[in-house]
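Undergrad: quick one: sequence and predicted model below, then my questions.
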Protein chains: 2
Amino acid sequence: MTRIPLFLAGTALFAAAPARTQTAPGTQPTLFRAAEMAATAKQATAYPLFAAEQTRVRKEVDKAIRAGIVVPVPRDPGGGYTHEQHKRNYTAIYGAGLLFRITGEKRYADYARAMLLDYARLYPTLANHPAASDQRPGRLFWQSLNDSVWAVYAVQGYDAIRETLSETDRATIDSGVFHPMARFLSTGQADEFDQIHNHATWACAAVGMIGYTLREPDLVNVALKGLKGDGKFGFLAQIDQLFSPDGYYVEGPYYQRYAMLPFVLFARFIEANEPNRQIFKHRDGVLLKAIRTSIQTTYDGYFFPLNDAMPDKSLRTDELYQAVAIGYEVTRDPALLSIAGWQGRTTLTPDGLAVARDLAGGKAKPFPFASQFLSDGPDGDRGGLAIMRSGPGDKDQVLVAKNAAMGMGHGHFDKLSWILYDNGHAIVTDYGAARFLNVESKDGGRYLKENESWAKQTVAHNTLVVNETSNFGGKWKAGNKLAPRQLFWSSDASATVSTAEMIGAYPGVRYRRTLVQLPVEGSESPLVVDLLDVTGDKPATYDLPLHYSGQITAIGFPLQSNATERPVLGKAAGYQHIWVDATGTPNADNATVTWINDNRFYTWRMLPPEGSSVILGESGANDPRFNLRREPMLIQRVTGVANTRFVGVLEPHGNYDAGEEKTIASNSRIRRLAHVRTADADLITIDLADGGRVTLAIASSADANAAHSATLDGRKLEWNGHFARFDTPKGR
Amino acid sequence: MTRIPLFLAGTALFAAAPARTQTAPGTQPTLFRAAEMAATAKQATAYPLFAAEQTRVRKEVDKAIRAGIVVPVPRDPGGGYTHEQHKRNYTAIYGAGLLFRITGEKRYADYARAMLLDYARLYPTLANHPAASDQRPGRLFWQSLNDSVWAVYAVQGYDAIRETLSETDRATIDSGVFHPMARFLSTGQADEFDQIHNHATWACAAVGMIGYTLREPDLVNVALKGLKGDGKFGFLAQIDQLFSPDGYYVEGPYYQRYAMLPFVLFARFIEANEPNRQIFKHRDGVLLKAIRTSIQTTYDGYFFPLNDAMPDKSLRTDELYQAVAIGYEVTRDPALLSIAGWQGRTTLTPDGLAVARDLAGGKAKPFPFASQFLSDGPDGDRGGLAIMRSGPGDKDQVLVAKNAAMGMGHGHFDKLSWILYDNGHAIVTDYGAARFLNVESKDGGRYLKENESWAKQTVAHNTLVVNETSNFGGKWKAGNKLAPRQLFWSSDASATVSTAEMIGAYPGVRYRRTLVQLPVEGSESPLVVDLLDVTGDKPATYDLPLHYSGQITAIGFPLQSNATERPVLGKAAGYQHIWVDATGTPNADNATVTWINDNRFYTWRMLPPEGSSVILGESGANDPRFNLRREPMLIQRVTGVANTRFVGVLEPHGNYDAGEEKTIASNSRIRRLAHVRTADADLITIDLADGGRVTLAIASSADANAAHSATLDGRKLEWNGHFARFDTPKGR
């Protein structure tokens, strides 16, 4: 692949480095080279994305310069004044450094210098932040995580101007800010640093990038291999243990987005300073896989809101601007250019320049969004995420089976849950996190207590709840020890199928779930077929919630409504937050609920197990501070049995056109849903209103070669493997 | 104004018509002339909007042709099969006629002919529709209104092909469909036809357009002057009585949109056939004013959802495509072209061709959205709609004071209510109508009973409720007799102000409300200041609801929450639909509620009257069929006093940026709100956090010249007229 000289960036800092133009330590920025500045400056304005970013950053930094140097003594929690000011400052230092490199305008270097000299005065005087909570205390911020982020950005700005400083200034800033900060973030918080966790990744990146910038190999070594230098912790161990072989991050998509940043920034620094480490080839290029995986775990550009996640996070975030730019610099994958196009932004670095140049050059190719199973766990054997896509488009249907492992402290108790997007909207939902990011009046923007009492609880998800308790008794450390098993995954034109099993989420209970994305002729979008098989060692109450988005337009069965006084469903494990609107006891012929979302209807059709009932509810009980969104749900409940089986079909149908005042197919097109259990399989039959029939055969065995047969309505069905589909066209 | 020959359309049918090329009755389409077809055909593809419409209609009609002629015996209610099929049919007849005229392809004429011959067989056999409700029964549809709509469209298609038919076919269709339909819609439902109401307008348009097409002057005469021909009813009387001098339609924006269609279509037919009537100059061109007014009563293209209104109705509806095309044909106003651009569609008529041509020709000018007062009532003295716009943009703030009259049976009991849009969203809301248009499972798409029990009730709006009852005892006929008085309206750079008074909405109670849109330096968007002054003849309970959209982020005062069991607020007049989440008794220093909507915060700051409390609630109680959206509200309540005064300020502030994870000004920037009553005025003072102060002086007298003075905090204030603003910059 051809590269312009600009991308031969990097300092040969250590002996190990290959022979190339050497520069004296301390006089060479990591990502920019003096020789290349002219080229950069010339091209900077030629490519819209880069030119726009330059304008944006210039506006931001110029505004900061006008505002003067404001380095307040830390006081406020997230969202508060000093919190935001210190964030503005690292952004300004970072931006000023980049602008200086690109424009050569000394005023930017001067500003970054002056700001850092102020920090050199302030930082040594700081103890733990006054607003520090139970979480790790920082110095500039309420949690040290933010201090690490500050360092990662500020040191890049510093790296860009350091060579221009006098020995004295350089010494003042090295010893006043970055060296002590690196010490605080490493040895100063040893058990935070020597951890396999994204907070530690930030700390490692901060310490390592400071190490390269200050030319302190010992800091780099600690960052890469941990405080003991034995590789048990540190950056490399984190790459090895936090990602699956498919590049799926242990904490899920939201934190993958967040965690990507220190991984790619530090890796880019390593690549620039010690290319011989071949960091992007490390572990079969898992960091590059992780960049692509993070993009795959989005719908219409927004991350699947699994575990502790804000649902409004999209690819339009700095983490992904950096990941895409750095990923492109390393791979030149044109699919990343189309993502940059969607983002409408890139970074003010040589990498971003390459993205802007090639995007302007028309080299972009569509990103290959597709159905895929992403394994979880360092060895890929701790379940995973089954992503089913009806197509690559923003409005195509996406079903996500959350068969991944616990994912540490930000993980939710949602084993074998699922979510569905269709027609551009979330239809079967995950609450995500109960939090108002950086909104001071909401506990300073931290996770709210309702995040524990509702958002994390099993009943807040679309999966089995036993006896009104959550998975693993609501203890994530217990959950971390266990994981679902993905028994089967396949995807072709006839169906996309995932079968997974969970044992140990509840004592004495094992459950297995098959989810099928089933294209059916004449349907706006595929049907979703759900088979949940529960085996317990004693009678229990089994609940299966479905959290849906939309307004109910039809209910097939009679309801007993709590129309004038609304009770709460339960006392704990999230049940205390559920208002009960109504209950009913549907049968196989009338167990349907239809709702409308935007211009499309959705019918959830159930086969109620023996003695089951349905609860219609809404979140928001026991929420005196209005911390929760009020969202509807329905819960299928079976009581007093040890084993049960939930069968359901979600059917997107019809169209509501407000402008044209035309509504079609507002009623379900399914006439009948049936299920029979044979010796070694489950047969699910869907009879369509037009007379057609689809039968799904799901064998108990996941063996791809095992032969199976069954007789249904006098017809012999034969198939090999775990799953088969039999279609009977209308009029047969 | 220069016109291309195409627009010299029209048949000189009556003696009164001016001399021009005569054509024999029955051989001349109203809007198209054979001579012009060639020109049309040539230009048809040259202009994107027209070409796209031609493609769209061709696709629709070709599909209908492939489906064959399907004219089912009427059976289903709105949304049902036969309902939708007869709608598809009139659309197809209309489209086929236009396509035949434009393309000259005979197959389109043949299709329309065959379809109409089937209707000629079916129609004479029909009695009242089996699904007819208490409303006026139709023949093809459950209500005769839809029959009128069918006729208005079908007759345009028929008009376009009639000259091509054999005498026999023409006679069959004339006497089998249109003549009896015209009779049914006029004499066949005399008290529906001789009415001043939009249903009657549709009937008149149908009968009149049939009259012109069938060359039956008596039908035209009945359509224009009513069954008795005395002008007491009929189209002209409707123009005179249903619109105000400002072109505001009595039923409000939603029905204005709907009502526009028969007005403009029939008027266009009149203009084409009897230009000497100068119908578009009638009553100072009120029909043209009405077209512009209907556009003014939108936000971001969506109609203000006042009275019985679906909130999802926008300018992208056939009514407005027609109104804009016909309005442009008559006026050549380039502002209408920018609306057509926003609509992205026009009509497949010579008028639409002119729109498409001039839009493509770059002649469009921005539509002049602006603050304005639209008077209500035939004489403009029955209150009106006060529209306050902070700018012409889609995301600028719009405050609408609903000071209009009752507006007949679809009117809501919302005297002196208001709504607010800001930052592209509805912030202070009006529920609109409780209805799922054309959704069969929701009472066949008709208005739901919750429309009466909730949507229309006073408490469902943002205005005064006395003793938990609605305006006029909830009787619209009583309401029709009374109207608010607009006492004052002004708009300049310092403030836009509306003061109105309502007497008689409640026995013995008069109330006056001043709403001010107040630009304040440093605020994202103007503040809204609300002063509601209530005078009663005996102690009562006064409620002032505020229906807001967003999630609460902060409440300034302590709450007593119904966290575990949610009671209902009341028994009737809408109160039975309100869940009570919490109550509190704020004071002047802490009476604030802050919510977030999208990326902006809103703080509602009150000056609680003596002995008042605040109720936080949500709609959805007593709603066993889930017919209502669940939406939050707060209610200020004062009990046991005869007179009271509510003062409030709504403040948009701050910014929440999820992508950048930056939040600014999530707390209110107002330090203090104060009110004093002087001998002849109310003084409202707003102290800003930055030290600035704004004082509003609102005189009791609406006299623009009266001199007033007052002393506030030792400072003398002097002004002339009803309203004045005094600013004290920070640091004074």
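TA: All right, it came through fine.

Undergrad: could you check how far the residue nearest to the spatial centre of chain A is from A:Pro311?
TA: Nearest to the geometric centre of chain A sits A:Pro253, at 1.6 Å (CA atoms, centre = their mean). Distance from A:Pro253 to A:Pro311, counting by CB to CB, to the nearest Å: 11 Å. C-beta coordinates here come from the backbone N, C-alpha and C atoms, glycine included.

Undergrad: ditto for A:Gln486
TA: Applying CB to CB to A:Gln486 and A:Pro311 gives a distance of 26 Å.

Undergrad: more crowded one of those two?
TA: Between A:Gln486 and A:Pro311, A:Gln486 has the larger neighbour count (other CB atoms under 10 Å in any protein chain shown), namely 25 against 18.

Undergrad: ok so the more buried one is a strand residue?
TA: Yes. Counting by DSSP: H, G, I helix; E, B strand; the rest coil, A:Gln486 is found in a strand.

Undergrad: surely it and A:Ser375 touch.
TA: Yes. A:Gln486 lies in contact with A:Ser375 (CB atoms under 8 Å); the separation is 7.4 Å.

Undergrad: before we move on, the earlier item: residues touching the residue nearest to the centre of chain A, list them.
TA: A:294, A:297-298, A:303-304, A:306, A:309 (CB atoms under 8 Å, 6 or more residues apart in numbering or on different chains).

Undergrad: from the stretch 101-250 of chain A, which residue is nearest to chain B?
TA: Nearest residue of the stretch 101-250 of chain A to chain B: A:Val149, at 10.0 Å (CB to the nearest CB).

Undergrad: hang on, isn't that residue packed against A:Trp202?
TA: Yes. Counting by CB under 8 Å, A:Val149 does reach A:Trp202; the two are 6.1 Å apart.

Undergrad: who has more neighbours, the two?
TA: A direct count of neighbours by other CB under 10 Å for A:Val149 and A:Trp202 places A:Trp202 higher, at 28 against 22.

Undergrad: helix/strand/coil for that one?
TA: helix.

Undergrad: now the strands: where do they sit in the stretch 451-600 of chain A?
TA: A:465-466, A:485-491, A:496-506, A:509-518, A:527-547, A:551-555, A:560-561, A:565-567, A:578-584, A:592-597, A:600-607 (DSSP state E, counting those that start in this stretch).

Undergrad: contacts for the third one next, please.
TA: Among residues not part of strand A:496-506, those counted as contacts by CB under 8 Å, 6+ apart are A:371, A:373, A:383, A:386, A:388, A:399, A:401, A:403, A:413, A:415-416, A:464, A:466-467, A:469, A:471-472, A:479, A:482, A:484-491, A:510-517, A:536, A:698, A:702, A:722-723.

Undergrad: how close does the residue nearest to the centre of chain A get to chain B?
TA: Per CB to the nearest CB, to the nearest Å, A:Pro253 is found 15 Å from chain B.

Undergrad: give me the pLDDT for that residue.
TA: As predicted, A:Pro253 sits at a pLDDT of 97.

Undergrad: and the gap between it and A:Ala697?
TA: On the measure of CB to CB, A:Pro253 and A:Ala697 end up 33 Å apart.

Undergrad: now do A:Val250
TA: With CB to CB as the criterion, A:Val250 and A:Ala697 are 35 Å apart.

Undergrad: of the two, give the one with the bigger neighbour count.
TA: A:Val250 (27 against 23).

Undergrad: restricted to buried residues, select the contacts of strand A:496-506 in ChimeraX.
TA: In ChimeraX, this line selects whichever of the contacts of strand A:496-506 come out buried by 16 or more other CB atoms under 10 Å in any protein chain shown:
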select /A:371,373,383,386,388,399,401,403,413,415,416,464,466,469,471,472,479,482,484,485,486,487,488,489,490,491,511,512,513,514,515,516,517,536,698,702,722,723
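
Undergrad: near chain B, from the contacts of strand A:496-506?
TA: Applying CB under 8 Å from any CB of the partner chain, the subset of these adjacent to chain B is empty.

Undergrad: return the set of residues that bridge with A:Met388.
TA: Beta bridges link A:Met388 to A:Leu399 when assigned by DSSP bridges.

Undergrad: go ahead and list the helix or strand containing A:Arg56.
TA: helix A:48-67 (DSSP states H and E).

Undergrad: check which residues of the helix or strand following that helix are buried.
TA: Sequence-wise, the next helix or strand downstream of helix A:48-67 (DSSP H and E) is helix A:81-103. For helix A:81-103, the neighbour count (16+ other CB under 10 Å) marks A:82-103 as buried.

Undergrad: so what secondary structure elements neighbour whichever helix or strand comes after helix A:81-103?
TA: As assigned by DSSP H and E, the chain's next helix or strand after helix A:81-103 is helix A:106-122. Contact analysis of helix A:106-122 by 3 or more CB pairs under 8 Å, 6 or more residues apart in numbering or on different chains; DSSP states H and E lists helix A:48-67, helix A:81-103, helix A:144-161, helix A:167-173 as its packing neighbours.

Undergrad: quick check: mean pLDDT of helix A:106-122?
TA: 97.

Undergrad: now the angle from it to helix A:48-67?
TA: In terms of direction (axes from the mean of the first three to the mean of the last three CA atoms, to 10 degrees), helix A:106-122 departs from helix A:48-67 by 50 degrees.

Undergrad: residues in contact with helix A:106-122: which ones?
TA: A:61, A:64-65, A:69, A:71, A:73, A:89, A:92-93, A:96-97, A:99-100, A:154, A:157-158, A:160-161, A:164-165, A:169, A:172-173, A:175-177.

Undergrad: which elements pack onto the helix holding A:Arg56?
TA: Helix A:48-67 packs on helix A:34-44, helix A:81-103, helix A:106-122, helix A:350-360, going by 3+ CB pairs under 8 Å, 6+ apart.

Undergrad: a markdown table for those helices, including distance to B:Asp333?
TA: Shown next, in a markdown table, are those (distance: least, CB to CB, whole Å):
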| stretch | distance to B:Asp333 |
| --- | --- |
| helix A:34-44 | 46 |
| helix A:81-103 | 48 |
| helix A:106-122 | 51 |
| helix A:350-360 | 41 |
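
Undergrad: wait, which of the ones you listed is closest to B:Asp727?
TA: For these, proximity to B:Asp727 was assessed by CB to CB; helix A:81-103 is nearest, at 26.5 Å.

Undergrad: ok, is the closest one in contact with chain B or not?
TA: Yes. Helix A:81-103 lies within reach of chain B by CB under 8 Å from any CB, at A:84, A:87.

Undergrad: pLDDT of that helix, averaged?
TA: The average pLDDT within helix A:81-103 is 94.

Undergrad: what angle do it and helix A:106-122 make?
TA: Going by the same axes, to 10 degrees, helix A:81-103 makes 140 degrees with helix A:106-122.

Undergrad: next, the angle helix A:144-161 makes with helix A:81-103.
TA: 20 degrees.

Undergrad: other SSEs contacting helix A:81-103?
TA: Using 3+ CB pairs under 8 Å, 6+ apart: helix A:81-103 touches helix A:34-44, helix A:48-67, helix A:106-122, helix A:144-161, strand B:662-664.

Undergrad: what does the stretch 401-550 of chain A put close to chain B?
TA: A:436-442, A:445.

Undergrad: as JSON lines, those with distance to B:Asn562 would be great.
TA: Formatted as JSON lines, those follow (distance: CB to CB, whole Å):
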{"residue": "A:Phe436", "distance to B:Asn562": "23"}
{"residue": "A:Leu437", "distance to B:Asn562": "29"}
{"residue": "A:Asn438", "distance to B:Asn562": "30"}
{"residue": "A:Val439", "distance to B:Asn562": "25"}
{"residue": "A:Glu440", "distance to B:Asn562": "27"}
{"residue": "A:Ser441", "distance to B:Asn562": "22"}
{"residue": "A:Lys442", "distance to B:Asn562": "21"}
{"residue": "A:Gly445", "distance to B:Asn562": "28"}
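
Undergrad: wait, which of those residues is closest to A:Ile326?
TA: Using CB to CB, these come closest to A:Ile326 at A:Leu437, 24.8 Å.

Undergrad: so what pLDDT did that closest one get?
TA: For A:Leu437, pLDDT reads 89.

Undergrad: tally of neighbours for it?
TA: A:Leu437 has 20 nearby residues by other CB under 10 Å.
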